[in-house]
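S.K.: A predicted structure for the sequence below; I have some questions about it.
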Amino acid sequence: MSKLPAEAYAIIEGRHSDPFHYLGLHTEGDRNVVRAFLPDAANVEAIGEHGETAPLARIHDAGLFAGPLPNGSRRYQLRARFGDNVVELEDAYRFPPILSDFDLYLLGEGTHQRVYDTLGAHPMTLDGVDGIGFVVLAPNARRVSVVGDFNFWDGRRHPMRVRGPGYWELFIPRARVGDHYKFEIIGRNGQHLPLKSDPLAFAAEVRPKTASIVIDERKIPHPRPAPDRVNALSSPMSIYEVHLGSWRRKGRNEWLTYREMAEQLPAYASDMGFTHVEFLPISEHPFDGSWGYQPTGMFAPTSRFGSPDDFAALIDACHGAGLAVLLDWVPGHFPDDPHGLGNFDGTALYEHANPLQGRHLDWGTLIYNYGRTEVTNFLVSNALFWLDRYGIDGLRVDAVASMLYLDYSRPAGGWIPNKYGGAREHRGDRLPAPLQHRAVRALPAGDDRGGGIHRVAAGIAPGRIWRARLRLQVEYGLDARHAEIHRQGSDPPQIPSRRHPVRPALRLLGELHPAAVPRRGRARQALDPRPHARR
């Protein structure tokens, strides 16, 4: 064997950051030459576009093969022998890029409102071949590979190419819906990180397993919309708050499924006179005891109770019973489990690097870096995802106070002042303004994806929110309705419910005031403004 170039050894050792530069089809002089890395293959042939074959020479015992294509072909397949098995396969390194230049522009600008259409794992057809396109953000990684059921979980077999400001992509032919996968990442200093779940995964394994699962989210049944009268500005509301993991368990360690809840919960809540149900967080989470308030899979309904299709069936059943559906949404923090977002590419990508800014002392969780364009794009897209794909009618924003105050639950000297030298003015260097402004502008009034959701005049963090002692707002849905009412009149009107009159929490122009709203059991009357202490 002749001496190989350095990048050949980078492929063999699984550390090449641009595998398309070496693997796949290349022109050498007047020949079209293909290079393929197939560990454990005894021999490999290239099959030209007209069926002709040509053997590829083994140029390294680790499984690196190279040779000219027959008759000058430019499209090809590979035929490889593994022991007694001969398989024909497509070469992942002959396919074009996945991300368009326009996608990269919007992602870099932070205005790609539907990153879930682009990032993550998506079934697609390229050059007439079915497979899965994988895209993940890891700007500080030296190398990223997809590992999964389709490649023996071997990170050498499918290293990705990097595009634009740190988005890694690869189309893997003949990967399928239902495959389990993760990302294998080498950090900027050459360190191998724990395998990472996909931040944009639409489904995941049931804990304690943590692999992401390929789902064709375009085929998830879209629930029927809630009746217009339920979300009408003038309609009363009464909200039933539900933790799906503890509502009518079948046994000590056995939950109802989404489908079983669809048969029982809507009828129960409707019969009790409620107009809305509010689900405690259903995003995938590793720890049962967090009740979903420490999510790792922001785009995946937890698999504890069933599949995404099953969750859609529950929403559909609630809407069919005349109930609108709200979700507790958690953009305030996330756990530091090694498979999750923390230290994702070997650096503090989603969180603040300084623990005085990036870690909650009470909960042992990490805080999003709202000043980072990619992070706010991720969170705003996630909010829209639940409205768009599952027809959710509103979001309750959890732990707002912890996002607003730099000194939240910290001892003196245990926090970093903002640019004003304080902690409770507009946050300045950590004000989540990009999050609130993009969220407010993301859905135009009357957008049919929102199902009765209206643009919000006041954002997540009006300037004097802390003086009003308000710890809880709903960015969409309920607060939107109240904001619309207050734009039409000067005094906060009494909005009747079946049980108690409710005084809304938002005044015109975002002024806030506390209101004594009664609360009984698990029923939440609209906009209880008392400090949020539940975890």
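M.R.: Okay, I see it.
S.K.: Is Glu7 in a helix, a strand, or coil?
M.R.: For Glu7, the assignment made with DSSP: H, G, I helix; E, B strand; the rest coil gives helix.
S.K.: Report pLDDT for the closest residue to it other than its chain neighbours.
M.R.: Counting by CB to CB, 6 or more residues apart in numbering, Tyr22 is the residue found nearest to Glu7 once chain neighbours are left out, at 4.9 Å. From N, CA and C alone the C-beta is placed, and that goes for glycine too. You'll see Tyr22 listed with a pLDDT of 95.
S.K.: Tell me who's in contact with Tyr22.
M.R.: Pro5, Glu7, Ala8, Ala10, Ile11, His16, Arg35 (CB atoms under 8 Å, 6 or more residues apart in numbering).
S.K.: With distance to Val146, neighbour count and pLDDT as added columns, please give those in CSV.
M.R.: Below are the contacts of Tyr22 laid out as CSV (distance: CB to CB, whole Å; neighbours: other CB atoms under 10 Å; pLDDT from 0 to 100):
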residue, distance to Val146, neighbour count, pLDDT
Pro5, 25, 9, 91
Glu7, 20, 16, 92
Ala8, 21, 20, 94
Ala10, 18, 18, 93
Ile11, 15, 23, 94
His16, 14, 24, 91
Arg35, 19, 20, 96
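S.K.: Which of the residues you listed sits closest to Ile367?
M.R.: His16 (34.5 Å; CB to CB).
S.K.: residues touching the closest one, list them.
M.R.: By CB under 8 Å, 6+ apart, His16 lies in contact with Glu7, Ala10, Tyr22, Arg143, Pro159.
S.K.: Just to be sure, the second one is in a helix?
M.R.: Same thing as Ala10. Yes. Under three-state DSSP, Ala10 falls within a helix.
S.K.: Is the closest residue to it other than its chain neighbours in a helix, a strand, or coil?
M.R.: Nearest residue to Ala10, sequence neighbours excluded (CB to CB, 6+ apart): His16, at 3.9 Å. Here His16 is coil, with the state taken from three-state DSSP.
S.K.: how close does His16 get to Gly178?
M.R.: Distance of His16 to Gly178, computed by CB to CB, to the nearest Å: 29 Å.
S.K.: Helices of the stretch 251-400 of the chain, residue ranges please.
M.R.: Using DSSP state H, counting those that start in this stretch, the helices assigned to the stretch 251-400 of the chain run over residues 258-271, 308-320, 355-358, 373-390, 400-404.
S.K.: I misspoke; the intended subject was the stretch 101-250 of the chain.
M.R.: 101-109.
S.K.: so where's it shaky on pLDDT?
M.R.: Within the stretch 101-250 of the chain, not a single segment meets pLDDT under 70.
S.K.: Tell me where it has strands.
M.R.: Taking DSSP state E, counting those that start in this stretch as the criterion, the stretch 101-250 of the chain carries its strands at 120-126, 129-137, 143-148, 161-163, 167-173, 180-186, 212-213, 239-242.
S.K.: among those, which is nearest Ser283?
M.R.: Ser283 sits nearest to strand 212-213 of all those, at 13.3 Å, using CB to CB.
S.K.: Output the contacting helices and strands for the closest one.
M.R.: With contacts taken as 3 or more CB pairs under 8 Å, 6 or more residues apart in numbering; DSSP states H and E, strand 212-213 sits against strand 180-186.
S.K.: how distant is the strand it packs on from the center of its chain?
M.R.: Distance, stretch centre to chain centre, for strand 180-186: 16 Å (CA atoms, centre = their mean, to the nearest Å).
S.K.: same deal with stretch 310-323?
M.R.: Using CA atoms, centre = their mean, the offset of stretch 310-323 from its chain centre is 22 Å.
S.K.: Contacts for that stretch next, please.
M.R.: Residues from elsewhere that reach stretch 310-323, judged by CB under 8 Å, 6+ apart: 220-227, 230, 257-259, 261-263, 265-267, 269-270, 274-277, 282, 301, 305, 324-325, 390-392.
S.K.: What residues of it count as buried?
M.R.: Asp310, Phe311, Ala312, Ala313, Leu314, Ile315, Asp316, Ala317, Cys318, His319, Ala321, Leu323 (16 or more other CB atoms under 10 Å).
S.K.: And for stretch 236-245?
M.R.: For stretch 236-245, by 16+ other CB under 10 Å, it's Pro236, Met237, Ser238, Ile239, Tyr240, Glu241, Val242, Leu244, Gly245.
S.K.: again with stretch 88-103
M.R.: Going by 16+ other CB under 10 Å, stretch 88-103 has these buried residues: Glu90, Asp91, Ala92, Tyr93, Arg94, Phe95, Pro97, Ile98, Leu99, Asp103.
S.K.: Now intersect these with the helices, please.
M.R.: Asp103 (DSSP state H).
S.K.: Was I right to think Gln113 contacts Leu379?
M.R.: No. Contact criterion CB atoms under 8 Å: Gln113 and Leu379 do not qualify, at 11.6 Å.
S.K.: So which of these two has more stuff around it?
M.R.: Set side by side, Gln113 and Leu379 show more neighbours around Leu379, with 23 against 19, by other CB atoms under 10 Å.
S.K.: my read: that one touches Gly332, true?
M.R.: No. Counting by CB under 8 Å, Gly332 is not a contact partner of Leu379; they are 9.9 Å apart.
S.K.: so what sits against both of the two?
M.R.: In contact with both Leu379 and Gly332: Tyr368, using CB under 8 Å, 6+ apart.
S.K.: Find the nearest non-adjacent residue to Pro39, please.
M.R.: Spatial nearest neighbour of Pro39, excluding adjacent residues (CB to CB, 6+ apart): Gly63 at 3.9 Å.
S.K.: Kindly tell me how buried the one you found is, as a neighbour count.
M.R.: With other CB under 10 Å as criterion, Gly63 counts 20.
S.K.: Equivalent analysis for the one 3 residues further on, please.
M.R.: A count of neighbours around Ala66, defined by other CB under 10 Å, yields 22.
S.K.: any idea which element it lies in?
M.R.: Following DSSP states H and E, one finds Ala66 within strand 64-68.
S.K.: Next secondary structure after that strand?
M.R.: From strand 64-68, the next helix or strand downstream (DSSP H and E) is strand 77-82.
S.K.: returning to what we had before: could the contacts of Tyr22 go into JSON lines alongside distance to Asp345?
M.R.: Converted to JSON lines, the contacts of Tyr22 look like this (distance: CB to CB, whole Å):
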{"residue": "Pro5", "distance to Asp345": "27"}
{"residue": "Glu7", "distance to Asp345": "22"}
{"residue": "Ala8", "distance to Asp345": "25"}
{"residue": "Ala10", "distance to Asp345": "19"}
{"residue": "Ile11", "distance to Asp345": "21"}
{"residue": "His16", "distance to Asp345": "17"}
{"residue": "Arg35", "distance to Asp345": "27"}
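S.K.: Pick out whichever of these sits closest to Gly289.
M.R.: Gly289 lies nearest to His16 out of those, by CB to CB, at 42.2 Å.
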